[in-house]
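Novice: Quick check, what structure comes out for this input:
(one chain, ligands or ions: 2)
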Amino acid sequence: MGGLVEHGAKDLGRLNDEHRLMESRMQLIDDAVDSPDDPDWQKDVLRKSVRFLAENLPGHMYREEEGVFLTAANQLGLETTVDTLRQQHNDLRQMLEIVQQQEKHHQWEALTLTMTDLVELLRDHIAGEETGLFPVVSQWGA
Ligand SMILES: [Fe+2]
Ligand SMILES: [Fe+2]
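Specialist: Ligands and ions are numbered 1, 2, ... in the order given. Presented below is the predicted three-dimensional model:
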């Protein structure tokens, strides 16, 4: 049972750091989406962003699901919040699949649209975790 405590405040620092990295990347994506006059740079940013997300998002979500989500649902009674966050993870996984396919097939216009949706959901999701979940887990684990 001691392992559950280790999934408390200790892991939150890393998750928060990763959120900040994702936010920097999303700011760059915003800038690229807003720069249709510079298509080469736009494509370069989008291509690298797909790679960044593919390399960083799945592991981050997996660690949350195996760590703070379990703690929050099983120990802290936050099942409803965790259900919503899990569903968002599944939606993000699907969108990540789609942007990878779009990038592979050079569907830049479609990629720009899907990426915009992905960024919007990821921002909502991070806000939900940092307001509705992490503070409770942090208090409990402290
Ligand atoms: Fe998450
Ligand atoms: Fe997260």
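Novice: ok, and for the helix or strand hosting residue 60, which residues are buried?
Specialist: Using DSSP states H and E, residue 60 sits in helix 39-66. Buried residues in helix 39-66, counted by 16 or more other Cβ atoms under 10 Å: 42-43, 45-46, 49-50, 52-53, 57, 60-61, 63-64. Yep, even glycine has a C-beta here, placed from its N, CA and C like the rest.
Novice: Closest one to residue 13 out of those, please.
Specialist: Proximity of the buried residues of helix 39-66 to residue 13 (Cβ to Cβ) peaks at residue 63, which lies at 12.3 Å.
Novice: Correct me if wrong: the closest one contacts residue 12.
Specialist: No. Judged on Cβ atoms under 8 Å, residue 63 makes no contact with residue 12 at a distance of 10.9 Å.
Novice: all helices for the protein, in order.
Specialist: 2-6, 9-33, 39-66, 68-75, 79-104, 108-132, 134-141 (DSSP state H).
Novice: got CSV for those, with mean pLDDT too?
Specialist: Shown next, in CSV, are those (pLDDT from 0 to 100):
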stretch, mean pLDDT
helix 2-6, 47
helix 9-33, 94
helix 39-66, 97
helix 68-75, 94
helix 79-104, 98
helix 108-132, 97
helix 134-141, 88
